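# Predicted structure and sequence below. I'll ask about it afterward.
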Amino acid sequence: MDVLEEIILNLQKEELRFFDLYAGRMAYKEVRKDLQLLKLIRKHPEKDDSELREVLGYSEEKSNAWYRLRNRLQEDLMNSLHLQHLDEEEYSRILKYLCVAKIQIERNAFKLSYNLLRKAEKSAEKHEQFPLLELIYTELIRLSLKSLLTDPEPYIRKRKENQKRLEQINRMDEVLAALNYRLVKNQRFTKEGQSGLKVLEDLLKEHSTDPTLLNSTTFQIQIYQVMSRLLLQRKEFIDLESYLFRTYSDFQKRGLFTKARHDLKLEMLTWILNTLYSNGKYQQALKEADRLYQAMQEHQHVAYEKYLLFYCNSLVINFVGLRQYPEGIRLIENLLADKSHKISDHYKMMISINLMYLYYLTQNYRKALRVLQRIRISDTHRSASDLLKLKLNLADLILQFEAGDAVLAEEKAERYLKEYSRAKDLPKEDLEFIRLIKALTRYNIPVKDNSMLKRIKALIQSRSESEDIIDYREWLMKWLS
């Protein structure tokens, strides 16, 4: 897949709407082949370059025109994305000031360019964008060669100080790269090998002569990010739990959890929740879930919605672990009924899926089906991925079966098979389950037919490439006993 196709297929709805406005900024008399190409790639991502050319009428003799069209569309899309997201990150905003300042220098508008560079400097200092500060100081020093507006001496001193900071940052990167390499190299924990925490301890001892580095807030946060992910990859959950609690407590004592780093606090609490669940500490995880929910209320609920789904999922998996399904249902229903916080339609759908699953576990299949029906009539479901829709359909078949309506389950299985008859990118095992449901309506539990037993066992033993809403492999087990 080429760069253009990847950009187009990764576009979100709001980005497509913005591009429509961007592309329509000028009137064209001729047919917009670039917009036709965009729609064609979105609708038929499986088509290769030659097929796209044929549809749009570009013969071999028009190869140059075809590649010009592709390049123009790619550049327009990149410009549109850049323009749309320009002010979303401080890095981009600072670059904007810097770029406009350079344009004004070329026009001899020195006072304007100086003011823009000063704005960029203040923002870069505030947000610790030290590489950008290097560029800003360089431009301020060069500006002094063209105008007496600026005294270069302060900026020369500032640039030297900033270069020391950059050197320290580079040193951090080197230590983190070494840590990452050693941990990945020793990926599997063995009796002869070292745990991830032991690797970290040894590496920090090597660099204990650099107290500035070790005491750096940025460095400590980066260490946490590397360690938590690698301990997770290595499945060293006991070490990960200990490390997370110790690091969270340390960050809290040092006052790192400011409003600007509130996301870090919520992220760490989420990691703690997931680790406690992995270690089977469901009751403690629920207590930590309360702490996460309280933290989500802080700073005018600035990150409430972002972490709402994590919070909801943690409730579900831990109540499932404790087999306290009704308690999980009650909390999630209260969450959905709470009007004090606005929840996006997407999050409502995902939380409702959790609620449906809990009803399934309590064997309240009719209520689970009602929740599923609400999910399906939502606008969010209509725009959901084909894979998610498939997983919901698989859950539907199981729920219909359990609700005692095997005939309806068979009819739906037949309809789903027709719907997915031309699907190429959906899991083959999932489609086999639909075929199996269609056949199971003619059998009683346990199944005695050898050929059917062989199909059931093969599907149970197959590897799942994607997460199921209701684990149909586990559900099929009852047909064997």
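That came through, no problem. Numbers count the residues shown, from 1 in each chain.
# show me where the stretch 301-450 of the chain has strands.
In the stretch 301-450 of the chain, no strands are defined using DSSP state E, counting those that start in this stretch.
# for stretch 149-165, what is the average pLDDT?
Mean pLDDT, stretch 149-165: 89.
# hey, C-alpha coordinates of that stretch in PDB?
Extracted C-alpha coordinates of stretch 149-165, given in PDB (Å, rounded to 0.1, in the frame of the first residue of the first chain):
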ATOM      1  CA  LEU A 149      16.100  45.700  17.400                       C
ATOM      2  CA  THR A 150      17.800  42.800  19.100                       C
ATOM      3  CA  ASP A 151      20.900  42.600  21.300                       C
ATOM      4  CA  PRO A 152      22.400  39.200  20.500                       C
ATOM      5  CA  GLU A 153      24.300  38.800  23.800                       C
ATOM      6  CA  PRO A 154      21.300  37.500  25.900                       C
ATOM      7  CA  TYR A 155      20.400  35.100  23.200                       C
ATOM      8  CA  ILE A 156      23.900  33.800  22.700                       C
ATOM      9  CA  ARG A 157      24.000  33.000  26.500                       C
ATOM     10  CA  LYS A 158      20.500  31.500  26.300                       C
ATOM     11  CA  ARG A 159      21.500  29.300  23.300                       C
ATOM     12  CA  LYS A 160      24.600  28.000  25.200                       C
ATOM     13  CA  GLU A 161      22.400  27.100  28.200                       C
ATOM     14  CA  ASN A 162      19.900  25.500  26.000                       C
ATOM     15  CA  GLN A 163      22.600  23.500  24.300                       C
ATOM     16  CA  LYS A 164      23.600  22.100  27.700                       C
ATOM     17  CA  ARG A 165      20.000  21.000  28.200                       C
END
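# in it, what's buried?
Thr150, Tyr155, Lys158, Arg159, Asn162, Arg165 (16 or more other C-beta atoms under 10 Å). Quick note: C-beta positions are derived from backbone N, CA and C, even for glycine.
# Name the helix or strand for the second one, please.
When you say that, I think you mean Tyr155. Using DSSP states H and E, Tyr155 falls within helix 152-185.
# thinking again about what came up before, can I get the buried residues of stretch 149-165 in JSON lines including distance to Arg374?
Shown next, in JSON lines, are those (distance: C-beta to C-beta, whole Å):
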{"residue": "Thr150", "distance to Arg374": "63"}
{"residue": "Tyr155", "distance to Arg374": "61"}
{"residue": "Lys158", "distance to Arg374": "59"}
{"residue": "Arg159", "distance to Arg374": "60"}
{"residue": "Asn162", "distance to Arg374": "56"}
{"residue": "Arg165", "distance to Arg374": "54"}
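# which one of those is nearest Lys389?
The nearest member of the buried residues of stretch 149-165 to Lys389, counting by C-beta to C-beta, is Arg165 at 50.2 Å.
# got the contact list for the closest residue in space to that closest one that isn't next to it in sequence?
Nearest residue to Arg165, sequence neighbours excluded (C-beta to C-beta, 6 or more residues apart in numbering): Phe130, at 5.1 Å. If a contact means C-beta atoms under 8 Å, 6 or more residues apart in numbering, then Phe130 has Ala124, Asn162, Arg165, Leu166, Ile169 as its contacts.
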